[in-house]
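Colleague: predicted coordinates and the sequence they were generated for:
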Amino acid sequence: MALRLDNEGFSDALVILGAAGMVIPAFARFRVSPVIGFILVGLLVGPSGLGAHVDLAPWLYYVTISDPESIEPFAEFGIILLLFSIGLELSFRRLWTMRRLVFGTGPAELIGSAMIIGTALHLLGQGWPGAIGLGLALALSSTALVLPLVGTTSAVGRGAFAMLLFEDLALVPIIFALGALAPTANADGGASIGLVALRGGLTVVAMYVGGRLVLPRLFAQAARTKSPELFLAASLLVVIVASVATTAAGLSPIVGALLAGLLIAETEYRTEVEVMTAPFMGLALGVFLITVGMSLDLRSIAENWSTLLLAVAGVVAVKTVVTFLLLRVANARPGVAAETGLLMGSPSETTLIVLATAAQAQLILPSTAAFWQTVTAIGLTITPLLAKGGSALSRRIEYGAEPAIATEPDAGRAVIIGFGRVGQLIADMMAKHKIPYVAVEADIDVVKLARAAGYPVMFGDVIRPELVDRLDLVQARALILTMDDPVLTVRLARRVRALAPELPIIARARDATHAAELYRAGVTDAVPETLESSLQLSEAVLVDLGVAMGPVIASIHEKRDELRQTIRAQAELDREPRIRRIRRKDELGTL
C-alpha cells in the first residue's frame, strides 16, 4: 500500500527526524545544548509558530506538526527510556547507600518548596486547595532534563538524582491527594492512597523477584541467537512490560522503567542493552523537548511577559534556596549545594500533569492552569542555562577569588582525568621527565590540596559534554583516564575517540574484562589495575611457601600471557595488549 504524502503521521515523522538530524550537529558545533535546539524547533513548527500560518501557505503543512497530541505518547516513552537508562547505571546497593538523601532530603525539598510556593500564592488570592495543588506541581523538578545534564555519578548528580527519584515516586500520591481535595471528591481519598501504596509495593516486590529469575534467562536466549534485532526487542519488551505493570498498580510508569534498568544492571547484559536502547532514548527525548516548545504561546508570552518573568524567577528562587539549605544540612559542599539548587529550580514535565489534574479537580481555573503551564514551559527551556549558571557559581564559591593558574589545557599537553592516587603518581612521573600536563578532578577538596602542593589541576566533571569540549583534546598530546568509574571511563573513551581518532588514550581498567571493553571503546592501551598486584601477591605467596623462584617466575609469565590473550580475544584486537612488567635484576639472575 502506497503511503500518501499528506499522511499526518508521515509528515510529523519527517519533521521530527529532520529536526534531530539538524539540531544535534548544529548545536554541537556551537557548543550549545541540543535541549534548547529541540525546544526552539518545537516553538518554530508548533501551533504558535509556523503551524499558525498553514492556511495562508499550505506548503507549511509539510514542515510543521499538524497534530501535537499525536506525538505525546512518543515523548512519554522518551522519559520512560531515560529512567530505564538511569537504572542501568545504578545498582540496588548504591540506592541503599542513598536512602537518607532519597527519603530524607527528597521529601523535605518537595514539601518545603510546595509549602512556601503555596503560601505565597494563597497570600496573592488563590484559595487554599488550589494553592496546595499549585505548590506541589511547581515544586517538582525535571528528571528528563536535569539528569542528562549532570548524570548520576558526580556530587551534583547524586544529590539531584536522590530528590528527583523521590519526586517520581511521589507523583501518583500527589495526583490522588489532589483528587481527594476536589469539591466533588468522596471521603475515602486516604483509603484510596493507602490501597495504591499497598498494591504498588506488592507489584514492585513481585517484579524484583520475577526479574531476578526471568531476565538472565531471557537475555541469554536472545544473546545465543546473535540477532541484534531480537536483543533490542527483548530490551524494549522488558521496559514496556515493567512500565505497564506499575501503571496498572497505580504507580507511575517511570517507576517500572527505573526498576527494569536496576534489574538488568545486575546482569552481564547491561552494557549491550544500554548501547542498543541509547538511540531510541535520545530520539524520543528529543520528541519530548519538541512538545515542550510547541506548548509555548508567543502571543501570550508577549502580552504577559512581566508577570511570567516574575513567576518564573519566584519559583526558581524558592526552590534554589530550599534545595541549597537542605543540602548544606546534609553536609554537601557549598558549591555543590548551590549548583544543585539552581538545577532543581525550574518546574518539571510532570508539573504539567499535576496542573491538568488540579484543573480537572476544579481546584484551579483553566486560565490559571494555562498561565502556569506557560511558566513551566519557560522554566524547562531555561534549564540548560541554569545548569551553566550553577556550574559557574559553584566554581566561584569553591575557588573564591583564587586565580585559576595552570588550569587551561594548552596544545601539546597531556591531559589526566582523575587525580586520585593513580593520577597523582602519573603526574609525578610526567613532571620528572618534563612532560607538560594538566589534570582534571571532580572532587573540589582534592583539587584544593593538589593545587596547594603545586600540581596543575582544574576542577571539573567530565560527565558534562561542555567540559570535554573545553579541554580541546584534539590538540592534546595524550589522554590518561584514571577515574574509578568503569562505566564513565568507557563512555568517555568512546566519545573522545570519535572526536580525536589519532589521540593516544591510556586508561586505567579494573580487570581484564573491563580492559577488553575499553579496547573496544577505542583506547590505545588499557592497564588492569588488579592484574599486576594480584600476580605479585601470588609470587610472594608461592616463594614464602617454599616454591623455587624460577618456576614461580615462569608461571607468572605464563599467567600474564594467558590474560593478555584473553583480553585480545574479547576486544578483537589485531595486536598484543600492553600487559607486561620490567623484570627485576634478581629475577633475571634466576632464569
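Modeller: Sure thing, it's come through. Residues are numbered from 1 along each chain as shown.

Colleague: count of residues packed around Val474?
Modeller: 12 (other CB atoms under 10 Å). The C-beta positions use only the backbone N, C-alpha and C, and glycine is treated the same way.

Colleague: typo on my end, it should be Pro216
Modeller: Neighbourhood size, Pro216 [other CB under 10 Å]: 16.

Colleague: ok, now the one 10 residues further on?
Modeller: Other residues within reach of Lys226 by the criterion other CB under 10 Å amount to 8.

Colleague: which helix or which strand is home to it?
Modeller: Under DSSP states H and E, no helix or strand contains Lys226.

Colleague: and the pLDDT for it?
Modeller: On pLDDT, Lys226 comes in at 75.

Colleague: got it, and Val241?
Modeller: For Val241, pLDDT reads 90.

Colleague: can you pull out the helices in the stretch 101-250 of the chain?
Modeller: Using DSSP state H, counting those that start in this stretch, the helices found in the stretch 101-250 of the chain span residues 106-123, 128-139, 143-150, 155-181, 189-224, 228-248.

Colleague: by how many degrees do the fifth one and helix 155-181 diverge?
Modeller: Right, helix 189-224. Here helix 189-224 runs at an angle of 130 degrees relative to helix 155-181 (axes from the mean of the first three to the mean of the last three CA atoms, to 10 degrees).

Colleague: who are the packing partners of helix 189-224?
Modeller: helix 155-181, helix 228-248, helix 253-265 (3 or more CB pairs under 8 Å, 6 or more residues apart in numbering; DSSP states H and E).

Colleague: next one: the second one
Modeller: Using 3+ CB pairs under 8 Å, 6+ apart, the elements in contact with helix 128-139 are helix 106-123, helix 155-181, helix 349-360, helix 366-381.

Colleague: residue ranges with poor pLDDT in the stretch 351-500 of the chain?
Modeller: The stretch 351-500 of the chain contains residues with pLDDT under 70 at 398-411, 464-466.

Colleague: now do 50
Modeller: The model of the stretch 351-500 of the chain has pLDDT under 50 over residues 401-409.

Colleague: strands of that one, residue ranges please.
Modeller: Using DSSP state E, counting those that start in this stretch, the strands of the stretch 351-500 of the chain run over residues 414-417, 437-441, 457-459, 478-481.

Colleague: could you dump those to TSV with mean neighbour count?
Modeller: Below are the strands of the stretch 351-500 of the chain laid out as TSV (neighbours: other CB atoms under 10 Å):
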stretch	mean neighbour count
strand 414-417	24
strand 437-441	24
strand 457-459	23
strand 478-481	22
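
Colleague: mind putting those in JSON lines, distance to Gly118 included?
Modeller: Shown next, in JSON lines, are those (distance: least, CB to CB, whole Å):
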{"stretch": "strand 414-417", "distance to Gly118": "44"}
{"stretch": "strand 437-441", "distance to Gly118": "41"}
{"stretch": "strand 457-459", "distance to Gly118": "38"}
{"stretch": "strand 478-481", "distance to Gly118": "47"}
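
Colleague: among those strands, which is nearest Lys448?
Modeller: With CB to CB, the closest approach to Lys448 among the strands of the stretch 351-500 of the chain belongs to strand 457-459: 8.7 Å.

Colleague: now the closest one, how far from the centre of its chain.
Modeller: Centre-to-centre, strand 457-459 and its host chain are 23 Å apart (CA atoms, centre = their mean, to the nearest Å).

Colleague: remind me what it packs against, helices and strands.
Modeller: The contact analysis (3+ CB pairs under 8 Å, 6+ apart) places strand 457-459 against helix 383-399, strand 437-441, helix 444-452.

Colleague: run the last query once more with 7 Å
Modeller: Where contact means 3 or more CB pairs under 7 Å, 6 or more residues apart in numbering; DSSP states H and E, strand 457-459 is packed against strand 437-441, helix 444-452.

Colleague: who wins for proximity to Ala370 among the ones you listed?
Modeller: helix 444-452 (43.0 Å).

Colleague: would you put the C-alpha positions of that closest one in PDB?
Modeller: This file holds the C-alpha atoms of helix 444-452, laid out as PDB (Å, rounded to 0.1, in the frame of the first residue of the first chain):
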ATOM      1  CA  ILE A 444      37.000  20.100  44.900                       C
ATOM      2  CA  ASP A 445      38.800  19.100  48.100                       C
ATOM      3  CA  VAL A 446      41.300  17.000  46.100                       C
ATOM      4  CA  VAL A 447      41.700  19.900  43.700                       C
ATOM      5  CA  LYS A 448      42.500  22.400  46.500                       C
ATOM      6  CA  LEU A 449      45.000  20.100  48.100                       C
ATOM      7  CA  ALA A 450      46.700  19.300  44.800                       C
ATOM      8  CA  ARG A 451      46.900  22.900  43.800                       C
ATOM      9  CA  ALA A 452      48.300  23.800  47.200                       C
END
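
Colleague: among the helices and strands packed on helix 128-139, which is nearest Ala332?
Modeller: Nearest to Ala332, of all the helices and strands packed on helix 128-139, is helix 155-181, at 6.1 Å by CB to CB.

Colleague: same list (the helices and strands packed on helix 189-224) but as JSON lines, adding mean neighbour count and distance to Ala144.
Modeller: Formatted as JSON lines, those follow (neighbours: other CB atoms under 10 Å; distance: least, CB to CB, whole Å):
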{"stretch": "helix 155-181", "mean neighbour count": "22", "distance to Ala144": "10"}
{"stretch": "helix 228-248", "mean neighbour count": "18", "distance to Ala144": "15"}
{"stretch": "helix 253-265", "mean neighbour count": "25", "distance to Ala144": "10"}
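
Colleague: for Val63, find the nearest of these.
Modeller: helix 228-248 (29.9 Å).

Colleague: can you check what angle separates the closest one from helix 189-224?
Modeller: Using the same axes, to 10 degrees, helix 228-248 lies at 170 degrees relative to helix 189-224.

Colleague: what's in contact with helix 228-248?
Modeller: The contact list for helix 228-248, computed with CB atoms under 7 Å, 6 or more residues apart in numbering, reads 80-81, 84, 200, 203, 207, 215, 218-219, 222-223, 252-253, 255-257, 259-260, 264, 272-273, 276-277.

Colleague: recalculate using a threshold of 6 Å.
Modeller: 80, 84, 203, 218, 222, 253, 255-257, 259-260, 273, 276-277 (CB atoms under 6 Å, 6 or more residues apart in numbering).

Colleague: chain center to it, what's the gap?
Modeller: Distance of helix 228-248 from its chain centroid, counting by CA atoms, centre = their mean, is 20 Å.

Colleague: CA-only coordinates of it in PDB, if you can.
Modeller: Extracted in PDB, the C-alpha atoms of helix 228-248 (Å, rounded to 0.1, in the frame of the first residue of the first chain):
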ATOM      1  CA  PRO A 228      20.700  -7.600  17.400                       C
ATOM      2  CA  GLU A 229      17.100  -7.100  16.400                       C
ATOM      3  CA  LEU A 230      15.900  -9.800  18.900                       C
ATOM      4  CA  PHE A 231      18.100  -8.400  21.700                       C
ATOM      5  CA  LEU A 232      16.700  -4.900  21.100                       C
ATOM      6  CA  ALA A 233      13.200  -6.300  21.000                       C
ATOM      7  CA  ALA A 234      13.800  -8.100  24.300                       C
ATOM      8  CA  SER A 235      15.100  -4.900  25.900                       C
ATOM      9  CA  LEU A 236      12.200  -2.800  24.800                       C
ATOM     10  CA  LEU A 237       9.800  -5.600  25.900                       C
ATOM     11  CA  VAL A 238      11.200  -5.500  29.400                       C
ATOM     12  CA  VAL A 239      10.800  -1.700  29.600                       C
ATOM     13  CA  ILE A 240       7.300  -1.700  28.300                       C
ATOM     14  CA  VAL A 241       6.100  -4.600  30.500                       C
ATOM     15  CA  ALA A 242       7.600  -3.100  33.600                       C
ATOM     16  CA  SER A 243       6.000   0.300  32.900                       C
ATOM     17  CA  VAL A 244       2.600  -1.300  32.200                       C
ATOM     18  CA  ALA A 245       2.800  -3.300  35.400                       C
ATOM     19  CA  THR A 246       3.500  -0.300  37.700                       C
ATOM     20  CA  THR A 247       0.900   1.800  35.800                       C
ATOM     21  CA  ALA A 248      -1.700  -1.000  36.400                       C
END
